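**Student:** kindly return the folded structure for what I paste below:
(chains A and B)
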Amino acid sequence: MRTSSICILMLCGLLSSCAGKLDVSGTLPGQPEIYPDYRGVTVPQNIAPMNFSYMGEDPAVLLVDGRGGEMLFRARHGLFRFGSRKWRHLMEENVGCDISLTVAVRQDGSWRACDSFNMTVSADKVDPYLSYRLIPPGYQGWKRMGIYQRNLENYRQRIIADNSLSGENCVNCHTYCNRNPDRMLFHARAEFGGTFFIDGKEIEKLNTKTDSTISALVYPYWHPSGKYVAFSVNATRQSFFNHDPNRIEVFDTASDVVVYDVESHNVFWSPLTRSSQMFQTFPTFSPDGKWLYFCGCSPVGNMPDGYAEAHYGIYRIAFNPEDKTFGDSLECLYDGEAEGKSASFPRISPDGRYLAFTKHGYGNFSIWHKDADLWVIDLSDGALHSLTTANSDDVDSYHSWSGNSRWLVFSSRRDDGLYTRPYITHIDENGNESKPFMLPQRNPRRFYKDLMVSYNLPEFMEGPVRVSPHRISTVMRKGKATDVTPGQ
Amino acid sequence: MNPFALAYREQQQLFLYDKGYLAATLLKAGGLSTLISRFIVQFFWNPVIALVVTALLLALSSYMLWAFARTSRRDWRSLALCLVPACFVGASLSDNSLHFDFLISLILIEAGLVIYKNIPSRKIFYGILITVVLYAAAGPASLIFALCALIYVSGDGFPSFVRALTIPAVAVVSGLVSYMLGGSPTLGHALTPAFHYNLDTAAPLSHWTAWVSIPAVYALSRLKNRKIILPAGIVLFAVSLISANAISRKIERKSNITGFEYEYYTVNERWDDLVQSCRRHVWSPGTANYMNLALAYKGKLTENIIRLDNRGVSSLLLIPEASSVDVRVAHIMFAMGNFAAAQNVAFNAMFCSEGYSPSMLKMNAQIELMRGDYDVADKYLSLLSKSLHYKKWAQAQRRFLWDEKAVAEDAFLSCGRKDFNLSDGFAMHVNPIDEVMLVVEANPYDKRAMDYTLSFLLLSKDIAKIHAFVDKYWGVGALETLPPAVQEALVFYSEYSRNFEGVEPVSIEWCLSHGVSPSIVQKFNAFQTASLKSNGAAPSGYRDTYWNYLLYKQL
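**Tutor:** Numbering: from 1, shown residues only, chains lettered A, B, ... in the order given. Purely as a prediction, here's the structure:
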């Protein structure tokens, strides 16, 4: 008898013994089709129960085999639901190793087992909170949107800012200083517009449009000291395609990068970050705060017709936070024009080792580009590689690192081609990624099917934002804005 | 109350038979009234049902108030008084910015009052309890309950009145708590009828009157001089009826009431009724848009485009300000086969203050089926399947999911899919004429796109482009016969081209070989003769010709 047959028979016997009344009499070829596809994923030990659905019509059971022994779960309407206590024990018992999951389905009156699949429980914990904007994937409207925070250790989601409390305006670009929820900022546009800085329980409203900048402050990134925030200022336009599967193109007709001083309310810049010779956008500070990274490309004059001619690279310039001065030269880390590609959203791991970015064919707004994939530059040697296992055929774009540099959350349209969902991938110390998993939900199949909004800008957080949505909306509506001024 | 304005409410929500939806709605402040109102409004797809149900609810509201206010079952004297609030509620409902749960919340608090009246003891305790429950169920209308309960208890003497002040105080505290918990955006929303409005809309005085009149009417009904209650009630009712009528008319004048009617016929694809409706109302670019849309679906657009009082391309498509969402544009773009542009509007219009717009969801589902993005189409169809009225339609559409053959065999979807094969330009980027011409280039068999293109060209008086268009598409696809207006345009262009230098001459023979009837040529000769005799004025007998439009109609 062949070894595989012996294994299957042993498995059948195991299922029989665990299930008690279950009499597993055979096998089915291949692994089961499940939603979300959690087969072979690596998960943090502190993640919420990874409930999933068996996509077949037949009654199904699941055998989970780990260090602590076997557990049997029966599917209800296809859904395998793990109790939070059982799940926590399962994770704790199997830290650093694999658990085996076997789905058996009842066909023609008998139970048959599909091929098993594994789930690796990583010893690396993930930050306990994730914040994101929920927004319809519509083209221009924002009737409903809000910034939310989700506890990754359970399914609880709470509002940070909801536009139903502030005249259905646009809220966007939430970002945190080193994932600290007490140091946050976001923008609101249209009515009650402004930029809102949250420091502990204090909220400050700013008017960030100055005479010297081409727009109000746009894409932000906090300096690790919390004293500065780098912003882009962009003259942005949006058009939608007649036919192209990418549906929408967002492009800049001009853009610069500036740095905002949180204490003095001033913005300042280098001639190299604010130059008519280059479109500069998506700024990022290095974890030591001594470098300012951003995306840049040669100006394209004939927008929107020339939208595909914009090829952004990744550049950096030295930054001295003590005297707010910049270096006198730009260093190119990725030359988009030479390669005929474009880079967006450079994000450096907190340990300073890797720079993750989105690579795509052209332009800078990769979240509508189906060819957008995640890539990583090893900053120790400049080597560049694609996160192939994490990427998909659809959009894989905006990403952020966990505090321990071992997890990368990103938004992807791979689920249905239109609505972005958050996926989390493990990055090991050598920069190798694991198969990503979709953000767990109580009933993911039903939840994601019913959800008519996209997850936008997923950002890890060390804890929850403590300021109430009510207070935020009150400041939005009634707060007096402080004007941001240009100059040192 | 206009039945079409009520029916429009149905297009602003999608009541879902779904546990998650029901729970999420119930768990908000005033959730029960919202849930009941959305349940009722789902049946408003029929304007007659909408009107009858609303009238019955107003009658129920009056009856409940009377059941509370009357001293006995035969106390008819207070009935007329109890009709007063319903007059103002009815008038308020003419304003579509006011959510329908305004009426339901009042019925709930009136039901609470009837229950309260029948509680034999511990009136203040139960008053407080019911106030809190009603705030959760009906929102700040519980303040009305609290005031009525206060008036009720005040009959027991001053000490009772003072103790009973705790009931409205609890109502105010409930509002404050709701506000602090983020249940209402402002304190005003937490404590006033503004609760039933979106943040950006102010509650007019009439809606306050509807609210305030309930405790006022109840206070009047408790007058010790019982003889004056009936005459006072009749007078007040009459005054209220007249005032409410005036308010209602004022609101309807401000809101686009004809637009609701056009929209109703459009979403229900009742093109004959839409034509009749447009004929009944004052001609405007908006009316022209809907009339031409209906004619396009009836296949009679080009033959009527000149007969009607169309002036310029805005008669076919009036593009609103860039920031506004206008479902009319979505419907017209959809009819023209410019699906990317239609979807741009439909995506934005899909989200309404009360939920999802069913017609925009349907449009998005159909466009996704045409795109072949079945996962997304499935998402929208699943949502529609959870409603009562759209379930059947959605289930019928499900047969197209992941079935390329079924899509190819469906005349509408396969035509739409071919329309999508246009070049990868930006939609709504140049102008509607050029974009619909791209649709025709992609799919010359789309008759509606062909009709719209010819109509745009005719109304823009661009006879050179009409010639080029016919030259390219004559005998191809849907252009098998030329509408009379196009024939007239070609004959005119033939004459024009032969008399102006720099224009390549087009012979009459070319016209005759491209679908122009000899009778049109003869008629044009007669028109020329008549024009010469009329000394610059439009010759009589040619009013419905393209020549009249081209030469004499001011745009």
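**Student:** how close does residue B:386 get to residue A:267?
**Tutor:** 49 Å (Cβ to Cβ, to the nearest Å). To be clear about C-beta, it is placed using only N, CA and C from the backbone, and glycine gets the same treatment.
**Student:** look at these two and report which has more neighbours.
**Tutor:** It is residue A:267, of residue B:386 and residue A:267, that has more neighbours when counted by other Cβ atoms under 10 Å in any protein chain shown, with 25 against 17.
**Student:** which helix or strand contains that one?
**Tutor:** According to DSSP states H and E, residue A:267 maps onto strand A:266-268.
**Student:** how far off centre is that strand?
**Tutor:** Counting by Cα atoms, centre = their mean, to the nearest Å, strand A:266-268 is centred 29 Å from the centre of its parent chain.
**Student:** check which helices and strands that strand is in contact with.
**Tutor:** Under the contact criterion of 3 or more Cβ pairs under 8 Å, 6 or more residues apart in numbering or on different chains; DSSP states H and E, strand A:266-268 touches strand A:248-261, strand A:485-486.
**Student:** which residues touch the one helix or strand residue B:468 maps to?
**Tutor:** In the assignment (DSSP H and E), residue B:468 maps to helix B:463-473. With contact meaning Cβ atoms under 8 Å, 6 or more residues apart in numbering or on different chains, helix B:463-473 is reached by B:437, B:440, B:444, B:450, B:453-454, B:457-458, B:479, B:482, B:486, B:489-490, B:492-493, B:496-497, B:503, B:506, B:514-515, B:550.
**Student:** quick check, residue B:262 in a helix?
**Tutor:** Yes - assessed by DSSP: H, G, I helix; E, B strand; the rest coil, residue B:262 belongs to a helix.
**Student:** and the residue nearest to it when sequence neighbours are not counted, how far from chain A?
**Tutor:** Nearest non-adjacent residue to residue B:262, counting by Cβ to Cβ, 6 or more residues apart in numbering or on different chains: residue B:290, 4.2 Å away. Taken as Cβ to the nearest Cβ, to the nearest Å, the spacing of residue B:290 relative to chain A amounts to 23 Å.
**Student:** residue B:290 contacts residue B:276, correct?
**Tutor:** No - Residue B:290 is beyond contact range of residue B:276, at 11.4 Å (criterion: Cβ atoms under 8 Å).
**Student:** not counting sequence-adjacent ones, nearest residue to whichever residue of the stretch 251-400 of chain A sits closest to chain B?
**Tutor:** Per Cβ to the nearest Cβ, residue A:304 is where the stretch 251-400 of chain A lies closest to chain B, at 6.1 Å. Sequence neighbours aside, residue A:239 is the residue nearest to residue A:304 in space, at 5.2 Å (criterion: Cβ to Cβ, 6+ apart).
**Student:** quick one: the one you found is in a strand?
**Tutor:** Yes - per three-state DSSP, residue A:239 lies within a strand segment.
**Student:** residues contacting it?
**Tutor:** Counting by Cβ under 8 Å, 6+ apart, residue A:239 touches A:248-249, A:251, A:304, A:307, B:426-427, B:429.
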